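Trainee: predicted model, plus sequence, below.
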Amino acid sequence: SWFVSFPLDCVKAGIQGQRIDTQQRHGGRRGEFRKRRAWEVAANLWRSKGVAGLYAGVTPTIARAFLVSGSRFSAYEMAIWTL
């Protein structure tokens, strides 16, 4: 299920990574700042990198999830065995 929802995480990261500089120019008007919306971030990712942009970093994320889940399961089993 994480693989299916991963593009949403990439879009979220794109939104969170926006600059908060109020001096940034937008539309030729100085001092005006407009944050990009989720659809704009997703469209920009799609145009610039294609499907690969929506899944950037999925391999290390799934590998990390595998390791974390395995270690939690092992810790749980060890705790049950100890009790």
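Mentor: Happy to help now that I have it. Numbers count the residues shown, from 1 in each chain.

Trainee: can you pull out the strands in this protein?
Mentor: With DSSP state E, there are no strands along the chain.

Trainee: in the longest helix seen in the chain, which residues are buried?
Mentor: The longest helix of the chain (DSSP state H) is helix 58-82. Neighbour counts using 16 or more other CB atoms under 10 Å place V58 of helix 58-82 among the buried residues. Placement of C-beta: from N, CA and C, glycine included.

Trainee: same for that helix, what does it pack against?
Mentor: On a contact count with 3 or more CB pairs under 8 Å, 6 or more residues apart in numbering; DSSP states H and E, helix 58-82 meets helix 2-16.

Trainee: the helix it packs on: how far from the chain's middle?
Mentor: 4 Å (CA atoms, centre = their mean, to the nearest Å).

Trainee: CA atoms of that helix as PDB?
Mentor: The C-alpha trace of helix 2-16 is given here as PDB (Å, rounded to 0.1, in the frame of the first residue of the first chain):
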ATOM      1  CA  TRP A   2       2.900   2.300   0.600                       C
ATOM      2  CA  PHE A   3       4.000   2.000  -3.000                       C
ATOM      3  CA  VAL A   4       0.600   3.100  -4.200                       C
ATOM      4  CA  SER A   5       0.500   6.200  -1.900                       C
ATOM      5  CA  PHE A   6       4.100   7.200  -2.400                       C
ATOM      6  CA  PRO A   7       3.400   9.800  -5.100                       C
ATOM      7  CA  LEU A   8       1.400  11.700  -2.500                       C
ATOM      8  CA  ASP A   9       4.400  11.800  -0.200                       C
ATOM      9  CA  CYS A  10       6.500  13.200  -3.000                       C
ATOM     10  CA  VAL A  11       4.000  15.900  -3.700                       C
ATOM     11  CA  LYS A  12       3.800  16.700   0.100                       C
ATOM     12  CA  ALA A  13       7.600  16.900   0.200                       C
ATOM     13  CA  GLY A  14       7.500  19.400  -2.800                       C
ATOM     14  CA  ILE A  15       5.000  21.500  -1.000                       C
ATOM     15  CA  GLN A  16       6.900  21.500   2.300                       C
END
